[in-house]
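# Make a model of this:
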Amino acid sequence: MSFENLKKQSKLGSLTSKLVKEVEKMSSTGGGADERLWKPEVDKTGNGFAVIRFLPAPDGEELPWAKMYSHAFQGPGGWYIENSLTTIGGKDPLGEHNRDLWNTGTEANKETVRKQKRKLSYYSNIYVVKDPTNPQNEGKVFLFKYGKKIFDKIMEAMQPEFEDESPINPFDLWQGANFKLKIVKKDGYWNYDKSEFGPSEPLLSDDDAMEALWKKEYSLAAVTAPDQFKSYEELEKRLKMVLGQKPTNRRMDEEVEDEDNDRGSYTPDFKSSHRESQPDEIKETFNSLDSSSEDEDDALSYFSRLAND
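Residues are numbered from 1 along each chain as shown. Below is the predicted model of the structure:
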């Protein structure tokens with residue numbers, strides 16, 4: 001798609017309709033070391049503020065977000081923090097293990113499954129409008145990882161609940177809106193309830209400048225490319241180690257981050273190599289998670305489907 005066509009679709013509102021249809025289809029089917037990733041920071045009290053703008057899909061790609069399923073839990077043999085092969089439609093050893101546990105019907109095993117269940121994260125390109133903690137990030141394009149709560153706010157902007165509210169496409173360069181990211185520490189976790197979109201307005205006043213930004217976007221297809229996933233055999237071997245079936249010398253690896261409940265997800269490094277994080281880093285990241293349990297019903301329905309497979 002050319003930049004000129006992108007602008008035409010903005011005027012027609014066709015992108016908004018297309019994205020809404022994609023979300024409906026999704027609903028029916030059920031490392032910070034990378035300089036391309038932007039992450040907000042909080043002060044000593046646990047509060048944080050930043051202003052970002054979600055950007056449209058990169059040139060040659062259809063959607064302005066990528067979905068990633070992952071698992072993160074600690075077993076007797078260490079941490080299991082891995083991307084789930086279910087992201088790309090494959091069979092996953094932990095998913096199969098969870099299904100077997102769930103099928104036993106015991107509440108203890110079901111509780112274990114809940115702690116080990118897969119977690120959904122999203123990735124989008126963003127433009128940093130304001131970053132008080134790191135002002136050097138302002139005016140730059142990054143990848144941003146976020147969870148269900150922020151994604152729901154995006155959907156609410158596109159499909160407002162009340163008739164006096166006008167729908168907007170947050171990913172539109174001309175008719176989108178800046179997103180005020182407001183973080184409050186609640187029960188030890190980051191909470192994003194107060195975050196909100198501002199009024200609809202062009203990101204910049206100059207089309208040439210916006211086109212230059214658009215061309216700087218990172219591929220979202222690369223986030224879920226096959227090389228971001230270990231093989232079934234590798235994941236199975238790691239899972240057995242974590243479950244205590246084999247000894248392991250591997251430390252906790254990969255950054256964990258998600259603003260929803262549970263314990264996060266592995267952040268792709270987009271380089272087919274995984275850095276190792278220190279235990280303190282994992283612990284610090286856990287404190288940035290949201291303690292809400294709003295997706296518990298989704299988890300229950302997911303494992304109920306597994307039981308019926």
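# So which elements touch the longest strand seen in the chain?
With secondary structure taken from DSSP state E, the chain has its longest strand at strand 119-130. The contact analysis (3 or more CB pairs under 8 Å, 6 or more residues apart in numbering; DSSP states H and E) places strand 119-130 against strand 48-54, strand 66-75, strand 141-146, helix 148-158. Using the backbone N, CA and C atoms, a C-beta is placed for each residue, glycine as well.
# So for residue 165, which of the ones you listed sits nearest?
helix 148-158 (8.9 Å; CB to CB).
# any residues touching whatever helix or strand comes next after the closest one, and which ones?
Moving toward the C-terminus from helix 148-158, the next helix or strand (DSSP states H and E) is strand 177-186. Strand 177-186 is contacted from outside by 40, 42, 45-54, 129, 153, 157, 168, 170, 190-201, 203, 287, 290-291, using CB atoms under 8 Å, 6 or more residues apart in numbering.
# orientation of strand 177-186 relative to helix 148-158 in degrees?
150 degrees (axes from the mean of the first three to the mean of the last three CA atoms, to 10 degrees).
# Adjacent strands (with direction) for strand 177-186?
strand 48-54 (antiparallel), strand 189-191 (antiparallel), strand 196-200 (antiparallel) (DSSP bridges).
# wait, which of these is closest to residue 141?
Nearest to residue 141, of those and by CB to CB, is strand 48-54 at 9.8 Å.
# domain assignment for the chain?
Segmentation of the chain into domains, based on automatic domain parsing, reads 3-66+121-222, 67-120+223-308.
# and those domains, which one is worst for confidence?
Here these differ in mean pLDDT, and the lowest is domain 67-120+223-308 at a mean of 73.
# Tally up the residues packed near residue 229, please.
22 (other CB atoms under 10 Å).
# Tabulate the helices and strands packed on strand 119-130 in CSV, adding columns for distance to residue 174.
Formatted as CSV, the helices and strands packed on strand 119-130 follow (distance: least, CB to CB, whole Å):
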stretch, distance to residue 174
strand 48-54, 12
strand 66-75, 23
strand 141-146, 17
helix 148-158, 15
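# List just the one of these that sits closest to residue 234.
Using CB to CB, the helices and strands packed on strand 119-130 put strand 66-75 closest to residue 234, at 13.8 Å.
# First-to-last residue distance for stretch 85-100?
17 Å (CA to CA, to the nearest Å).
# hang on, the earlier thing: nearest to residue 226, out of the strands paired with strand 177-186?
strand 48-54 (26.3 Å).
# got the angle for the closest one vs strand 119-130?
Going by the same axes, to 10 degrees, strand 48-54 makes 90 degrees with strand 119-130.
# Torsion angles phi and psi at residue 207?
phi -60, psi -40 (degrees, to the nearest 10).
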